[in-house]
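J.: The following block contains a protein sequence and its predicted model.
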Amino acid sequence: MPKMKAAMAAVLVMEREGISQAFGVPGAAINPLYAQLRERGTISHVLARHVEAASHMAEGYTRARAGNIGVCIGTSGPAGTDMITGLYSASADSIPILCITGQAPRARLHKEDFQAVDIAAIAKPVTKMAVTVMEPALVPRVFQQAFHTMRSGRPGPALIDLPLDVQMAEIEFDIDTYEPLPVYKPAATRRQVEHAMRMLLTARRPLIVAGGGIVNADASEELVAFAEAAGLPVIPTLMGWGTIPDDHPLMAGMCGLQTSHRYGNATLLASDFVLGIGNRWANRHTGSPEVYCKGRRFVHVDIEPTQIGRVFAPDYGIASDAKAALALFTQVAREWKAEGRLPDWSSWSGECRARKADPGLQRRTDFGQSPLKPQRVYQCLNDTFGRDVCYVSAIGLSQIAAAQYLHVHGPRQWINCGQAGPLGWTLPAALGVRAADPQRKIVAISGDYDFQFLLEELAVGAQFRLPYLHIVLNNSYLGLIRQAQRGFSMDYCVQLSFDNVNTPEGETARGYGVDHVKVVEGLGCKALRVLRPEDLVPALRQADALMAQHAVPVVVEVVLERVTNISMGTEIDSIVEFDQDAALPHAAPATAMV
């Protein structure tokens, strides 16, 4: 049996499990693993500036392509605790990432050694598996189990903590006979699907709610095939956005309290039967179950059995991988349609299309004033970029408005941390997406506060030549919290504005505080500032040229009016709309960038 360091066995297992990219920060307690990574030279490494950012880069990498698993590596103690936010974000959205941490030698774990912390215990609530490996011979098998666990059932993250002496110990291990463990995924049975379909036959206004589990299962084609076979309108959740193209006749809009369309909410409220697939019934989608469920029946299909009934009890539940379930639903729908057993729901789907086309159910975007209103920025992005653009966003009014105004035409073209929503996520996640796909057109969208949280990671993009376009919507406010504070009749501790003494008197940006252009340039990237609507398209074209020339991230900062309220509410039947006065003539759309 070949002999090797346990750390080398870990690297060899990662290779066999398909890992070719890692993100991280080396340090004393994890240096033995880094030494083996260097010796093998098979796994590329991006050096983050902050370990939390490394975990978000791993998330972006996983989310970018079906089958990817992002890996982030850090030293002991605070490096592990810094990764917890990334693990929480990944766990909440069913994203597999592997975090590897160094640890103090085993003999000193109980002696309060420098940077020794029980990271496995800390990480357990936000991982599918978290373990400190106490025996060197277990290292390859723990890694094998971690990949099996991350991929099986509901996907999710894992953490492996490696004491220094465990990494360096010699073990016997034969990589030549190593095989990944078979992945377990529950699959719907024909009997279950037929039962759900018989329930569907009783509906007059049915629809599908398509969740992020369809993206994770790489089952968007199966979703569209089933929707078309049965003639069912589809409402994607925020995490399922792109599973059916926005311009597909059966795409009925998104529903929710914030990230929704007016016509999507109206269609959900008009329905009498909902088939949810790969979704969690998240509260920002549903509002209260009393309003959401009233007058309609539900079938819920999810890979995780304990998700079925967690928020409200459906009329029927099926524990199944989305791809397997949708394949059977499509097969049964086609057979029953051929036999004349499937109702004709074309009148209902026509009503949904009419709502989607109704000018009265659109939100206005054609504002022409300076500083800009954010709606105009999203109109410009829609007009400028082609169908294959990939948007990355995290949290705040910028993300909520993006979901209300942008158009997404394919899976993994909207990359977003849905449940956790950590500020700062957008920038490192976009770098992870770029590392996964060197060719994709990537547009990240941040408010100024989200952008400032992990701003230093732009240096990573410059150092490792990871170009992408970052739109920073700068209103110098914690905009979402400011809007939420309206209910408390206050505007308290949410202002980011100050007179920047380094900005000349009279310049618009002086009172907005941080000079993002200077900071971005100091980090080795390029930046442009837009003050007027007519300057935005030229800036986007210039940014495209700068990325091509320099192969670094390019930031386009758009200075917005300080206060814009974005449509939202406490229930899906009582959304408060803003800025809906008579629309101005629509500006001629720009030629799409390709």
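T.: On my side now, so go ahead.
J.: ranges for the helices of the stretch 201-350 of the chain?
T.: Taking DSSP state H, counting those that start in this stretch as the criterion, the stretch 201-350 of the chain contains helices spanning 212-216, 220-230, 262-270, 283-286, 289-293, 322-338, 346-357.
J.: tell me the helices in the stretch 51-200 of the chain, going along the chain?
T.: Along the stretch 51-200 of the chain, the segments classed as helices by DSSP H, counting those that start in this stretch run 51-64, 78-92, 119-123, 139-151, 164-168, 190-200.
J.: Around the nearest residue to Val291 once chain neighbours are set aside, how many other residues sit close by?
T.: Counting by C-beta to C-beta, 6 or more residues apart in numbering, the nearest residue to Val291 once its immediate chain neighbours are dropped is Glu571, at 4.8 Å. Using the backbone N, CA and C atoms, a C-beta is placed for each residue, glycine as well. Residues lying near Glu571 (other C-beta atoms under 10 Å) number 14.
J.: quick revisit: let me have the helices of the stretch 51-200 of the chain in JSON lines, adding mean pLDDT and mean neighbour count as columns.
T.: Output for the helices of the stretch 51-200 of the chain, formatted as JSON lines (pLDDT from 0 to 100; neighbours: other C-beta atoms under 10 Å):
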{"stretch": "helix 51-64", "mean pLDDT": "97", "mean neighbour count": "30"}
{"stretch": "helix 78-92", "mean pLDDT": "95", "mean neighbour count": "24"}
{"stretch": "helix 119-123", "mean pLDDT": "96", "mean neighbour count": "20"}
{"stretch": "helix 139-151", "mean pLDDT": "98", "mean neighbour count": "21"}
{"stretch": "helix 164-168", "mean pLDDT": "97", "mean neighbour count": "22"}
{"stretch": "helix 190-200", "mean pLDDT": "97", "mean neighbour count": "17"}
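J.: Let's have the ones you listed in a markdown table, adding distance to Ile235.
T.: Shown next, in a markdown table, are the helices of the stretch 51-200 of the chain (distance: least, C-beta to C-beta, whole Å):
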| stretch | distance to Ile235 |
| --- | --- |
| helix 51-64 | 21 |
| helix 78-92 | 21 |
| helix 119-123 | 35 |
| helix 139-151 | 28 |
| helix 164-168 | 49 |
| helix 190-200 | 15 |
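J.: circling back to that earlier point, please work out which of the helices of the stretch 201-350 of the chain is packed deepest.
T.: Highest mean neighbour count of the helices of the stretch 201-350 of the chain: helix 212-216, a mean of 28 (counted as mean count of other C-beta atoms under 10 Å).
J.: ok, residues contacting that helix?
T.: Contact with helix 212-216 is made by 93-95, 154-155, 220, 222-223, 237, 239-240, 242-243, 277-279, 302-303, 322-323, 326, 411-412, 418, as judged by C-beta atoms under 8 Å, 6 or more residues apart in numbering.
J.: mind listing which of those are in strands?
T.: 277, 302 (DSSP state E).
J.: just the buried members of the contacts of helix 212-216?
T.: By neighbour count, with 16 or more other C-beta atoms under 10 Å, those hold 93-95, 154-155, 220, 222-223, 237, 239-240, 242-243, 277-279, 302-303, 322-323, 326, 411-412, 418 as buried.
J.: Walking through the stretch 351-500 of the chain, point out its helices one by one.
T.: Using DSSP H, counting those that start in this stretch, the helices of the stretch 351-500 of the chain run over 374-384, 397-405, 426-436, 448-453, 458-463, 479-485.
J.: And the fifth one, what does it pack against?
T.: For helix 458-463, the elements it packs on are strand 44-47, helix 426-436, judged by 3 or more C-beta pairs under 8 Å, 6 or more residues apart in numbering; DSSP states H and E.
J.: For Val305, give me its contacts.
T.: Check again: residue 305 is Pro, not Val. Pro305 makes contacts with 186, 319, as judged by C-beta under 8 Å, 6+ apart.
J.: chain center to the lowest-mean-pLDDT helix or strand in the chain, what's the gap?
T.: Lowest by mean pLDDT, DSSP states H and E among the helices and strands of the chain is helix 479-485, with a mean of 82. Put simply, helix 479-485 sits 22 Å off its chain's centre (C-alpha atoms, centre = their mean, to the nearest Å).
J.: Quick check: mean pLDDT of the helix or strand that that helix is followed by?
T.: Counting by DSSP states H and E, the next helix or strand C-terminal to helix 479-485 is helix 516-522. Mean per-residue pLDDT for helix 516-522: 95.
J.: nearest residue to the most centrally placed residue in the chain other than its sequence neighbours?
T.: Nearest to the mean C-alpha position of the chain, by C-alpha atoms, centre = their mean, lies Asn416 at 2.4 Å. With C-beta to C-beta, 6+ apart as the criterion, Asn416 has its nearest non-adjacent residue at 5.4 Å, and that residue is Ser393.
J.: With Arg151 instead?
T.: Val183 (4.5 Å).
J.: Kindly report the same for Thr365.
T.: Excluding its sequence neighbours, the residue lying closest to Thr365 (C-beta to C-beta, 6+ apart) is Gln379, at 3.8 Å.
J.: can you check Leu201 too?
T.: Pro343 is the one closest to Leu201 (C-beta to C-beta, 6+ apart), at 6.4 Å.
J.: what do you get for Gln375?
T.: Among residues not flanking Gln375 along the chain, Thr365 sits closest, at 4.3 Å (C-beta to C-beta, 6+ apart).
J.: gap between the one you found and Val13?
T.: For Thr365, the distance to Val13 equals 50 Å [C-beta to C-beta, to the nearest Å].
J.: and Val576, how many residues sit next to it?
T.: With other C-beta under 10 Å as criterion, Val576 counts 11.
J.: List the residues that contact the closest residue to it other than its chain neighbours.
T.: Using C-beta to C-beta, 6+ apart and skipping the chain neighbours, the partner closest in space to Val576 is Gly569 (5.1 Å). By C-beta under 8 Å, 6+ apart, Gly569 lies in contact with 257, 287, 575-576.
J.: What of Arg38?
T.: The contact partners of Arg38, taken as C-beta under 8 Å, 6+ apart, number zero.
J.: Spell out which helix or strand contains it, please.
T.: Element membership for Arg38 (DSSP H and E) is helix 31-40.
J.: in this structure, what spans have low per-residue confidence?
T.: For the chain, residues meeting the criterion pLDDT under 70 lie at 580-594.
J.: Swap in 80 and give it another go.
T.: 1, 111-112, 114-116, 479, 505-510, 579-594 (pLDDT under 80).
J.: shouldn't Met251 be in contact with Val234?
T.: Yes. Between Met251 and Val234 there is a contact under C-beta atoms under 8 Å: 5.8 Å.
J.: Show me the common contact partners of these two, please.
T.: Common neighbours of Met251 and Val234, using C-beta under 8 Å, 6+ apart, are Ile244.
J.: just checking, Ala333 touches Glu339?
T.: No. Using C-beta under 8 Å, Ala333 and Glu339 do not qualify as a contacting pair, with a distance of 10.9 Å.
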